[in-house]
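A.B. asks: Just a sequence and a predicted model for now, questions to come.
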2 protein chains.
Amino acid sequence: MQDLSRVVIVGGGFGGLSAAQSLKHAPVRVTLVDRRNFHLFQPLLYQVATGWLSPANIASTLRTALRHQENARVILGEVVDVDIERQQLVLCDGRIDYDTLVLATGSSHHYFGNESWRTLAPGLKTVEDATEIRRRIFLAFESAERESDPAKLDALLTFAIVGGGPTGVELAGALGEIAHDTLTHDFRNIDPTKTRIHLFEGGERILPTYAAELSVKAAAGLNRLGVSVHEKAIVSEITPEAVTIKRGETVERIACRTVIWAAGVQASPLGQRLATRIGAKIDRAGRLMVERDLTIAGHPELFVIGDLANCSQQTGKPLAGVAPVAIQEGRYIARVIIARIKKKPVAPFHYRDRGSMAIIGRASAVAEIGRLHFSGYLAWLAWLFVHIVELVEFENKILVLVQWGWYYFSRNRAARLITRTAVPADAELERDKMTGSGANVRC
Amino acid sequence: MQDLSRVVIVGGGFGGLSAAQSLKHAPVRVTLVDRRNFHLFQPLLYQVATGWLSPANIASTLRTALRHQENARVILGEVVDVDIERQQLVLCDGRIDYDTLVLATGSSHHYFGNESWRTLAPGLKTVEDATEIRRRIFLAFESAERESDPAKLDALLTFAIVGGGPTGVELAGALGEIAHDTLTHDFRNIDPTKTRIHLFEGGERILPTYAAELSVKAAAGLNRLGVSVHEKAIVSEITPEAVTIKRGETVERIACRTVIWAAGVQASPLGQRLATRIGAKIDRAGRLMVERDLTIAGHPELFVIGDLANCSQQTGKPLAGVAPVAIQEGRYIARVIIARIKKKPVAPFHYRDRGSMAIIGRASAVAEIGRLHFSGYLAWLAWLFVHIVELVEFENKILVLVQWGWYYFSRNRAARLITRTAVPADAELERDKMTGSGANVRC
C-alpha cells in the first residue's frame, strides 16, 4: 500500500497554517516549513506600517500555533527547490522526504518590469516592509519640519500610493488620519494638515472587486480624510523626487518624496520553477494552474494553495489572493488528504465567499456580504469584530483591542518608531524581491 | 543683558527629556535634538530582547512627550560636534545656536579593547540591539531543533551572559524562564529545559552595587531558574563557537553559540571630543567630569548629565549610570537655568537615592530601598509597580500590564519574532558602536 503519511507543507501563511491545523486528527505526520518563525496576520499589516500596532501584535509563532498538535513539527528553513522524482523538498541545508507536498509560499510585489521602482516605492508584504514604510512616512514629516525650501517641503509632505485595492485604500485612509488627527500638535514649523495624499488607481474605480456603489462611498470617505483619489491613472515613472502619471493623453508629474506600492503581486518564484521542471502551467502572475482538487495536473501528490495557486474553475476567473480563499483551500486539501487515506472520494473545491470589507478610517469602512452592501459605522464595527475574532492568539486580541480602543478616543498612534537598521533600504528590499508571504525560496 | 533663552538639549533619554520637560514654564526656548524620534524606557529593554514586550511598548515619541509644551521643539538630527566659541551645535546638516547647551548623549557598550567581540556578543542599548538579541536567542533554539551533531547541539543550547549587573541578571533570569517555561511544548527534537545558561561576573559577586545579602539571594534565584552563576570569572576570549573564562589560574572553554554582552559601558564619543577641543576632563569610561552644578569647569553654559557625566562630588565615586540619576540631574539643571535667569543662587546637585531593584524572574526580584532590603514576591510587586508608574505613556502602561498579566498566567512570550533584516549583523552592530543611548554623534 502506498504510504501517504508524510505531509510536508511549505509556508506558514493563512493557507499553510490552516492546512496543518486541519490535519490535527489525521493519521499523518505534518512538517510545516517556513523561513520565518511566525504566522503573520497580513490584513492588519497596514496598521503596523502606519504606526498603530506593533509587529508582534499581528504575529503568532508557528510553534505556538502548533504546540499542542502532536502530529506536527515546524522547521525553520529556506526552500530552494522541489525534487519531484525523489519526492523530496530541497532546503538550502538539507532535504525532507514527502509523500504529499503542499505548496503555500504566497506572493510578493510585482513592478511590471520596472525593477528600479522596488526601492523607490516599497510594497507591503512582510514585517520588514511595514517597518520600512513606517520609517519613510514618519521620517518625511521629520524632514519637513527641518526643511526651509518651499518646493522641497511640498514634496516631503506629498505621499503617493499606487494601487486602489484594499491595501491601497486602507493605507491612504490611515495616512489621511495621521496627517489630520495624529500629528496635529506635534510640529512647530509645519502644518501636517497640509499634507497631500494621492491614491492612484489604473482601472475605472478603486476597490474594483467591490460593488460599484461601495467604490464611490470609499472614494468619498477618502476625500473627507484629505486623500485625492485618481482613477484611470497609470504610473509611468517613479524617481526619488516625483511620480509621473498618465491619464489618457495627459501626463502629470507630481513632486513627491514618499511612494508606497500597492499595485501588483506576483506569485512566489517556486511557481516558475515547477513550470520549468515538470511543465506545470502558470499564469501571467506566476501562479500555478491547479485542478479542481487543488493539485497540479498529473501530480496528485502536489497541492498548491493560496496566492501561489490559480484556481479558476468555479467562476472562470482566478480566486482573489485573500486570506479566506487560502484558509478554505488549506482546509479543503486536509479533507482530500484524509479522504485518500480512507479511500473515499471528495467533491471538487468550492469557495464560499463570505464577503469582503475594507476600512477607510476611524468609524468608516465598506463591506459587502453577499447581496448586502453597507458602509460607515456599521461596516466599521463589522470589520473590527471580524478581524479581532480572526487573530490567532488570545493575547493579541486583547492587545489589538486596547490599541484600537485607545486610538478611537485619543487618535494617537503610539507605535511611530523610526527604527533604522544601518541597512541601505535597497539591500533590504533586494531580499524581499525573492520572498513570498509565507516561505522564502532562496538561500 | 546676556541672553539665556536658547536652551539646546542633545539626547532624548531620561536626562535630556526630564531637562526639557522641567523647563516647561521657564522663559526659554527649548530645542531637543536626537537622532531617534523616540524616548526609550531602557530598564525594560531586556524584556524586548527576550520576546516579552514589543519595542513600541517601551518607547514614546519625543514629539508626543513634548506636544503640549509650547516652548519646546524637537529636531531629528545627528550631532557631529560642538562649536564652543560660536556657541553652536553642529549637526551633520546644519547648525543650531545655543545660549545654554545640555549634553545628554548617554553611553554605549565597551569591549575593553576587544572590538571583534562586538559582533559576537552584542550588548543591549538600542531597540535594534534588543531585536538582534531576540533573533539570536530564538534562532539558537530553531537551529538546535534541526541539529543532529550532539556537540553542536550542546553549543546551540548554551547561552553565556557576560556581566553580572542588573541587565545581566535580568537577561539570565528571563533566559531561564524561556527555557524552562515558555518553550516547553514547542519543540519535537530538543528538550529546551536542557538549556545551559551561564552568567559570568568578573568581580566578587553579581549585583555588586547592591547589599551582599541581595547578591546571594539573586544568585540563588537564578540557580532555581537553571542559571549557573560564575563569580570572579573573567572572559578572556569569545569566538563564534565558544567563550573562554579565566578564574585565577584556571582557564575554561565553554562551547557556546550565543553570547550577550552586559559588562562594560563607555560614554558617548562626544565626551572625548570635548576633551580634545576644550581640554575638558574625562574619566577612563569617557565620561566628562562635571562641577557641582553639572557644568564643565570654565563653561557655565555647558551642562552634562546622565551617562555622559562623571558626577562624583557627593560620594567620592561617580553616580551610577541609571535612570533616576539622569532624571534628577535633568530636573536639577532646569532649576539652575531658571535660577540664572532670575539671578538667584542654586545649591549644588544632590542625588537622592530612592533605591534600586532588579527582577530575577516571575514573582521574584531583589530590592534595596535605603536600609530596607527585600526579595521575592514583595520585591517583584514593587518592581512591577514602579516600572508601570514610570512608563511615559498611558497606552504603554496598559499594554505592558496586559502582557505582564498574560505572561504571569500563561508563561507565554508572544513577541518572539525572528525578524531578519538581510543585514549582516556586523553592519548593524558597526553602527551601534557610535551610538549613545540618546543621540548619535555621527553622520
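C.D. replies: Perfect, thanks for sending it. Residues are numbered from 1 along each chain as shown, chains lettered A, B, ... in the order given.

A.B. asks: can I get the CA coordinates of the strand or helix carrying A:Ala367 in CSV?
C.D. replies: A:Ala367 is part of strand A:364-369, with elements assigned from DSSP states H and E. As requested, the backbone C-alpha atoms of strand A:364-369 are provided in CSV (Å, rounded to 0.1, in the frame of the first residue of the first chain):
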residue,chain,number,x,y,z
SER,A,364,-15.7,54.3,8.5
ALA,A,365,-15.5,51.2,6.3
VAL,A,366,-17.2,49.5,3.4
ALA,A,367,-18.5,45.9,3.5
GLU,A,368,-20.0,43.5,1.1
ILE,A,369,-21.6,40.4,2.4
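
A.B. asks: From the contact counts, what lies against it?
C.D. replies: Counting contacts by 3 or more Cβ pairs under 8 Å, 6 or more residues apart in numbering or on different chains; DSSP states H and E, strand A:364-369 packs against helix A:212-224, strand A:356-361, strand A:372-375, helix A:377-390. Any C-beta I mention is one placed from the backbone N, CA and C, and that applies to glycine too.

A.B. asks: from the stretch 201-350 of chain A, which residue is nearest to chain B?
C.D. replies: Shortest the stretch 201-350 of chain A-to-chain B distance, computed as Cβ to the nearest Cβ: residue-wise this is A:Arg257, at 15.2 Å.

A.B. asks: Run a quick neighbour tally on that residue.
C.D. replies: Neighbour count for A:Arg257, taken as other Cβ atoms under 10 Å in any protein chain shown: 22.

A.B. asks: who touches it in this structure?
C.D. replies: With contact taken as Cβ atoms under 8 Å, 6 or more residues apart in numbering or on different chains, A:Arg257 is in contact with A:Ala140, A:Ser143, A:Ala155, A:Leu156, A:Thr158, A:Pro240, A:Glu241.

A.B. asks: Could you list which residues are in contact with the first one?
C.D. replies: This means A:Ala140. Residues in contact with A:Ala140, defined by Cβ under 8 Å, 6+ apart, are A:Leu156, A:Leu157, A:Phe159, A:Arg257, A:Thr258.

A.B. asks: Likewise for A:Ala72?
C.D. replies: Residues in contact with A:Ala72 (Cβ under 8 Å, 6+ apart) are A:Ala20, A:Leu23, A:Lys24, A:Arg29, A:Val30, A:Thr31, A:Leu32, A:Leu66.

A.B. asks: mind listing which of those residues are in helices?
C.D. replies: Among the contacts of A:Ala72, the subset assigned to helices under DSSP state H consists of A:Ala20.

A.B. asks: most neighbours, which of the contacts of A:Ala72?
C.D. replies: Ranked by the number of neighbours (other Cβ under 10 Å), the contacts of A:Ala72 place A:Leu32 first, at 31 neighbours.

A.B. asks: how near is that one to B:Asp149?
C.D. replies: Using Cβ to Cβ, to the nearest Å, A:Leu32 is found at 24 Å from B:Asp149.

A.B. asks: Quick check: phi and psi at A:Gln266.
C.D. replies: Comment: the main-chain dihedrals of A:Gln266 come out as phi -130, psi 140, following degrees, to the nearest 10.

A.B. asks: now it: how far from A:Gly165?
C.D. replies: Per Cβ to Cβ, A:Gln266 is found 15 Å from A:Gly165.

A.B. asks: Name the residues of the strand holding A:Ala367 that come out as buried.
C.D. replies: For strand A:364-369, the buried set under the neighbour-count rule, 16 or more other Cβ atoms under 10 Å in any protein chain shown, comprises A:Ser364, A:Ala365, A:Val366, A:Ala367, A:Glu368.

A.B. asks: OK, contacts around the fourth one?
C.D. replies: Applying Cβ under 8 Å, 6+ apart to A:Ala367 gives the contacts A:Leu214, A:Gly355, A:Ser356, A:Met357, A:Ala358, A:His373, A:Phe374, A:Ser375, A:Leu378, A:Ala379, A:Ala382, A:Trp383.

A.B. asks: what's near enough to touch the third one?
C.D. replies: Same thing as A:Ser356. Applying Cβ under 8 Å, 6+ apart, one finds that A:Ser356 lies in contact with A:Pro166, A:Thr209, A:Tyr210, A:Val322, A:Ala367, A:Glu368.

A.B. asks: just to revisit the earlier point, name every strand pairing with the strand holding A:Ala367 and say which way it goes.
C.D. replies: For strand A:364-369, the paired strands and their directions (DSSP bridges) are strand A:356-361 (antiparallel), strand A:372-375 (antiparallel).

A.B. asks: In the longest one, which of the residues would be classed as buried?
C.D. replies: Which is strand A:356-361. Of the residues in strand A:356-361, those with enough neighbours to count as buried (16+ other Cβ under 10 Å) are A:Ser356, A:Met357, A:Ala358, A:Ile359, A:Ile360, A:Gly361.

A.B. asks: Do stretch A:92-104 and chain B come into contact?
C.D. replies: Yes. In this structure, stretch A:92-104 sits against chain B according to Cβ under 8 Å from any Cβ of the partner chain; the contacting residues are A:Gly94.

A.B. asks: Actually, stretch A:167-181.
C.D. replies: No. No part of stretch A:167-181 sits near chain B under the criterion Cβ under 8 Å from any Cβ; the closest distance found is 12.2 Å.

A.B. asks: just the CA coordinates of stretch A:268-275, formatted as CSV?
C.D. replies: The C-alpha coordinates for stretch A:268-275 follow below in CSV (Å, rounded to 0.1, in the frame of the first residue of the first chain):
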residue,chain,number,x,y,z
SER,A,268,6.5,33.2,-5.3
PRO,A,269,9.3,32.0,-7.7
LEU,A,270,8.5,28.4,-6.9
GLY,A,271,5.7,28.5,-9.4
GLN,A,272,8.1,29.4,-12.2
ARG,A,273,10.5,26.7,-11.0
LEU,A,274,7.8,24.0,-11.2
ALA,A,275,6.8,25.2,-14.6
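
A.B. asks: related to what we said a few turns ago, tell me the angle of the strand holding A:Ala367 relative to helix A:377-390?
C.D. replies: Taking axes from the mean of the first three to the mean of the last three Cα atoms, to 10 degrees, one finds that strand A:364-369 is oriented at 70 degrees with respect to helix A:377-390.

A.B. asks: residues from the stretch 1-150 of chain A in reach of chain B?
C.D. replies: Those residues of the stretch 1-150 of chain A that sit near chain B, judged by Cβ under 8 Å from any Cβ, are A:36-38, A:54-57, A:59-61, A:63-64, A:67-68, A:73-77, A:94, A:127-128, A:138-139, A:142-143, A:145-146.

A.B. asks: Buried ones among those residues?
C.D. replies: The neighbour-count criterion (16+ other Cβ under 10 Å) marks A:36-38, A:54-57, A:59-61, A:63-64, A:67, A:73-77, A:127-128, A:138-139, A:142-143, A:145-146 among the residues of the stretch 1-150 of chain A next to chain B as buried.

A.B. asks: A:Thr315 belongs to a helix?
C.D. replies: No. If the criterion is DSSP: H, G, I helix; E, B strand; the rest coil, then A:Thr315 is coil and not within a helix.

A.B. asks: What about A:Gly248, how many residues nearby?
C.D. replies: Counted with other Cβ under 10 Å, residues neighbouring A:Gly248 total 8.

A.B. asks: how near is it to A:Arg205?
C.D. replies: Applying Cβ to Cβ, the value for A:Gly248 to A:Arg205 is 16 Å.

A.B. asks: likewise A:Ala323?
C.D. replies: In this structure, A:Ala323 and A:Arg205 are 23 Å apart, going by Cβ to Cβ.

A.B. asks: same deal with A:Thr250?
C.D. replies: Noted for A:Thr250: a distance of 19 Å to A:Arg205, by Cβ to Cβ.

A.B. asks: which of the two has more neighbours?
C.D. replies: Using other Cβ under 10 Å as the criterion, A:Thr250 and A:Arg205 rank with A:Arg205 on top: 17 against 8.

A.B. asks: Check which residues of stretch A:280-288 are buried.
C.D. replies: The neighbour-count check on stretch A:280-288 (16+ other Cβ under 10 Å) flags A:Ala280, A:Ile282, A:Ala285, A:Gly286, A:Arg287, A:Leu288 as buried.
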